[in-house]
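> Test case, fold it:
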Amino acid sequence: MNFISTRNNAPAASLSDAIAAGLAPDGGLYVPAKLPAGRDLVPGDSLAATTTALLAPFFDGDALAPELAAICAEAFDFPVPLKPLATPGDHVLELFHGPTAAFKDIGARFLAACLARIHRGRQRPLTILVATSGDTGAAVAAAFHGQPGLRVVVLYPDGRVSPRQAHQLGCFGGNVAALRVAGSFDDCQALVKRALNDAGLQAQVPLSSANSISLGRLLPQMSYYAHAALGHHAATGHELGFVIPTGNLGNAMAAILARAQGVPLGRIVLATNANPVLPEYFAGDDYAPRASVATVANAMDVGAPSNFERLRWLYAGDDAALRASFTAVSVDDATIRATIRERWQRHGEVFCPHTATAVHVLETLRADGVDGDWAVAATAHPAKFEAVVEPLVGHMVEVPPALADLLARPAHAEPVPPEYDALRAHLLG
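Prediction:
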């Protein structure tokens, strides 16, 4: 299969070339030239098996195709359980059982397994450039740490991630460098995009991306939605709707692409924090990116979601059809905190702020009379946000062993201004 740019002004690329490049030459995002639709998919006996079958058409004809099963087995060696919540018909898909306790581990490990094979034996190292609002950077750092021929540079907004997130970002060392930027996530993302489009820089320092703009991140994220929905449908005969916390829109875009191929997903509802760009658009306003605002659900502090470009591509730019297909709901900090506190008090459930955002939206849907089977995508372990969660639940949240190991390491991040010249100098140095 070939892949094209959302902006239709770049040559088609193979899967390996699209993954290695990150962005298309015209600044667009890579998408399949043709989405395989109406597929007769069945759940595999593991996430790796389901993913291998799901992604086979995308790998068809590529040099990586013979290694797809091995890539999936290497990347998906931890569970992604679908668990019932207290309300009948409600579930939570736990995506935080990887090494950095966030759903980003899934896409990052798959991407690392692909790029390690693509760049095997090459003379010049490839630099993976990633902007993070909290969890992406640590997942990418963990996935690529120690990989020969690959280095990672992580940019994060100084003071706008949780202390444990910041520690994770700076605790790897070796081939991983962390830069704390005096600005917002949107500043970090803009710096990364500019570097990826800098032909002069690329000639000296080959670059690729590990943000959700990367095709190598997006494709594997379809897998957990497919695995959960196919298994649920096989067991119950019911489609599974999803409420998905979203910032840069990559996680939700993966679910949307899975459904477009015939995975038995029901409605998909987007849950955002106080950054209202997507809710305003789906309510009928023009799409109007803006500076992000800081919230307790910091990984969703995005004012210009990159994957909106892919979503518009999927709907051929038809805003009316796109708006008719989805709902996006904004949740403020006070409501996020109240949801964390009340779900613990009523049901003994503990959620991170991002997951709690989606839980509140699901509660609202149920209060409005929406029926059917639903799941919330639980994007991070609550222990990563102890400063928010623990005062609300009144006790310490146990830290998963893998996260505890990372927090025990020393950490360092280099301060940089939100200026492109500073980033360029660092990459060239």
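> Just give the number of residues close to Pro220.
By other CB atoms under 10 Å, the residues close to Pro220 number 26. For glycine as for every other residue, the C-beta is placed from the backbone atoms N, C-alpha and C.
> doesn't Lys104 make contact with it?
No - the pair Pro220 / Lys104 is not scored as a contact, 11.0 Å apart, by CB atoms under 8 Å.
> Apart from its neighbours in sequence, what residue is nearest Val263?
Closest residue to Val263 apart from its sequence neighbours, by CB to CB, 6 or more residues apart in numbering: Ala226 at 4.7 Å.
> sorry, that was for Trp344
Leaving aside its sequence neighbours, Trp344 sits nearest to Val393 (CB to CB, 6+ apart; 4.3 Å).
> ok, back up a step: the residue nearest to Val263 contacts Ala258, correct?
Yes - the criterion here is CB under 8 Å, and Ala226 meets it with Ala258 at 4.9 Å.
> any shared contact partners between those two?
When contacts are counted by CB atoms under 8 Å, 6 or more residues apart in numbering, Ala226 and Ala258 are jointly contacted by Leu54.
> Tell me which of those two has more neighbours.
Using other CB under 10 Å, the more surrounded residue of Ala226 and Ala258 is Ala226, with 29 against 26.
> Beyond the host helix or strand of Ser223, next helix or strand please.
Here Ser223 sits within helix 215-236, counting by DSSP states H and E. Per DSSP H and E, the first helix or strand lying C-terminal to helix 215-236 is strand 240-245.
> Tell me which residues are up against that next one.
Contacts for strand 240-245 (CB under 8 Å, 6+ apart): 91, 93, 225, 228-229, 232-233, 251-252, 255, 264-272, 297, 300, 354-355, 357-359, 361-362, 365, 372-377, 379.
> Quick check: buried residues in the helix or strand hosting Leu201?
Secondary structure from DSSP H and E places Leu201 in helix 199-204. For helix 199-204, burial by neighbour count (16 or more other CB atoms under 10 Å) applies to Leu201.
> distance between the strand or helix carrying Tyr30 and the chain's centre?
Per DSSP H and E, Tyr30 falls inside strand 30-32. Put simply, strand 30-32 sits 17 Å off its chain's centre (CA atoms, centre = their mean, to the nearest Å).
> Quick one: list the elements packing against it.
Here strand 30-32 touches strand 3-5, helix 308-314, going by 3 or more CB pairs under 8 Å, 6 or more residues apart in numbering; DSSP states H and E.
> So Gln147 lies in a strand, does it not?
No - assignment of Gln147 by DSSP: H, G, I helix; E, B strand; the rest coil gives coil, placing it outside any strand.
> Show me how far the worst-scoring helix or strand of the chain on mean pLDDT is from its chain's centre.
Least confident helix or strand of the chain, by mean pLDDT, DSSP states H and E, is strand 207-209 with a mean of 85. Centre-to-centre, strand 207-209 and its host chain are 16 Å apart (CA atoms, centre = their mean).
> same deal with stretch 309-322?
20 Å.
> again with stretch 417-424
25 Å.
> got it, and stretch 6-16?
Chain-centre distance of stretch 6-16: 22 Å, with CA atoms, centre = their mean.
> ok so, going back, show residues contacting the strand holding Tyr30.
1, 3-6, 13, 18, 21, 23-24, 58, 215, 310, 313-314.
> ok, 6 Å please
If you take CB atoms under 6 Å, 6 or more residues apart in numbering as the criterion, strand 30-32 is touched by Phe3, Thr6, Ala18, Ala24, Leu215, Arg310, Trp313.
> Turn these into TSV, columns for neighbour count.
Shown next, in TSV, are the contacts of strand 30-32 (neighbours: other CB atoms under 10 Å):
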residue	neighbour count
Phe3	23
Thr6	20
Ala18	27
Ala24	26
Leu215	27
Arg310	23
Trp313	18
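> Of the residues you listed, which is the nearest to Gly149?
Of all the contacts of strand 30-32, Ala18 has the smallest distance to Gly149: 19.1 Å, by CB to CB.
> hey, C-alpha coordinates of the host helix or strand of that closest one in PDB?
Ala18 is part of helix 15-21, with elements assigned from DSSP H and E. What follows is helix 15-21, C-alpha atoms only, in PDB (Å, rounded to 0.1, in the frame of the first residue of the first chain):
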ATOM      1  CA  LEU A  15       5.000   2.600   4.400                       C
ATOM      2  CA  SER A  16       8.600   2.500   5.400                       C
ATOM      3  CA  ASP A  17       9.400   5.900   3.800                       C
ATOM      4  CA  ALA A  18       6.300   7.500   5.300                       C
ATOM      5  CA  ILE A  19       7.200   6.200   8.800                       C
ATOM      6  CA  ALA A  20      10.800   7.300   8.400                       C
ATOM      7  CA  ALA A  21       9.800  10.800   7.200                       C
END
